[in-house]
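A.B. asks: model this:
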Amino acid sequence: MKNTFGNSVSVTLFGESHGPYIGAVLDGLAPGIVIDEAFIAAQLMKRRPAGKISTARQEDDEFQIVSGVFEGKTTGTPLTILIPNKNIKSKDYAATRALARPGHADFTANVKYHGFEDYRGGGHFSGRITAALVAAGAIVLSALEKKRITVGTHIRSIADVNDREFDNIAEDIAKLNAIDFAVLNDEKAALMKDEIEKAAEDGDSVGGVLETAILGVPAGVGEPWFDTLEGVLSHALFSIPAVKGVQFGHAFDDVKKRGSQYNDSFYISDKEIKTATNHNGGINGGISNGMPIVFSCAVKPTPSIYKEQNTVDMMEKKDAVLSLKGRHDPCILHRARVVVDSVASLTLADLLALRYGTDWLAEN
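C.D. replies: All right, here's what the predicted structure looks like:
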């Protein structure tokens, strides 16, 4: 029953949605990384609910770093972040404790943990735990930026509304990281919000696609076969609640092309090797090729909806009908994009440490 990811730089998650704290432990970080608490707070703000398109649960996310930092810099020992849960309403879940919510982990968690799991708000399986991932990710994100590695995610689509694709990736990443609702086409942002509000009014939810670009990763990162860059990133990305698919480049669309159209031709620019296109998403043979790493995550509609649903009573072993109470998101894409940024950054920190050594992230 493992809750740790990473080899050289690892992250361990702990806590439950309605427990006193959630948090993360970062182990293997290089000593001397500057801790920017204002940046951590800003990243957590991107994950917070936003009016009618989000849950009514509001948490301050006043994090505490209780180990691994001295005089504003990492010490190299395990860094522990605590985030208190304050705005909890556990009674909302008492009446439906035995009912397996469709699309949630209630049934599978009950089987795995033999009924001892904390069921309130999804317990350890709740999206609430991603706040700890964002706080941990912010630490490595700021360190990566000093290495000129930048990460940005936009809402590629919600329902049938599509944003434009990445164009000038450096400018697009800068724009996305400066706005709350991460859409590159401002007109499409309003249409997406309208889709979310309509679903909420109907007691329902919507999903969509998040697309991420990473600039500055040098060629040569990743291992062949079992620890490919795509494989390790996918492993981490699938830990994010509601992510049901990952693709690199535009894989599912581009595979319709012939090899002559899909292949990324090489050329020399200022004595550097580049590719004329980027259909492979910056990765060849499981190893970065120096081009922008581009991938997408399919995010399912939020499973917590207010419509009646057929389910089962896990204790009585009989059919039942679920009428959900509580506070739930009609869509999580606008909150999840910073989680994707954070998970990608934590993964890159681990892979870069494996490639260049554990002190590399703190070196000038």
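A.B. asks: list the buried residues of stretch 61-80.
C.D. replies: Asp61, Phe63, Ile65, Gly68, Val69, Thr74, Gly76, Leu79, Thr80 (16 or more other CB atoms under 10 Å). Placement of C-beta: from N, CA and C, glycine included.
A.B. asks: which helix or strand contains the last one?
C.D. replies: So that's Thr80. strand 79-84 (DSSP states H and E).
A.B. asks: list the strands paired with that strand, with their directions.
C.D. replies: strand 21-27 (antiparallel), strand 64-67 (antiparallel) (DSSP bridges).
A.B. asks: of those strands, which approaches Ala362 most closely?
C.D. replies: Within those, the stretch nearest Ala362 is strand 21-27; the backing value is 13.1 Å (CB to CB).
A.B. asks: ok, and what's touching the closest one?
C.D. replies: Residues outside strand 21-27 that contact it (CB atoms under 8 Å, 6 or more residues apart in numbering) are 9-16, 68, 78-85, 128-129, 131-133, 135-136, 139-140.
A.B. asks: for that strand, C-alpha coordinates in CSV please.
C.D. replies: Presented in CSV, the C-alpha positions along strand 21-27 are these (Å, rounded to 0.1, in the frame of the first residue of the first chain):
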residue,chain,number,x,y,z
TYR,A,21,-4.2,17.6,7.6
ILE,A,22,-3.2,16.6,4.1
GLY,A,23,0.4,16.9,3.0
ALA,A,24,3.5,15.7,1.1
VAL,A,25,7.1,14.7,1.9
LEU,A,26,9.7,15.5,-0.7
ASP,A,27,12.8,13.4,-0.4
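A.B. asks: list the buried residues for the host helix or strand of Glu230?
C.D. replies: Secondary structure from DSSP H and E places Glu230 in helix 229-237. For helix 229-237, burial by neighbour count (16+ other CB under 10 Å) applies to Leu229, Glu230, Val232, Leu233, Ser234, Ala236, Leu237.
A.B. asks: tell me the one of those residues nearest Ile196?
C.D. replies: The closest of the buried residues of helix 229-237, once distances to Ile196 are taken by CB to CB, is Leu237, at 22.3 Å.
A.B. asks: quick check: closest non-adjacent residue to that closest one.
C.D. replies: Using CB to CB, 6 or more residues apart in numbering and skipping the chain neighbours, the partner closest in space to Leu237 is Val246 (5.2 Å).
A.B. asks: next one: that neighbour, what pLDDT does it get?
C.D. replies: As summarised for this prediction, Val246 has a pLDDT of 98.
A.B. asks: how about the one 3 residues further on?
C.D. replies: Per-residue confidence for Gly249 comes out at a pLDDT of 95.
A.B. asks: same check on the one 10 residues further on?
C.D. replies: Predicted confidence (pLDDT) at Gly259: the value is 93.
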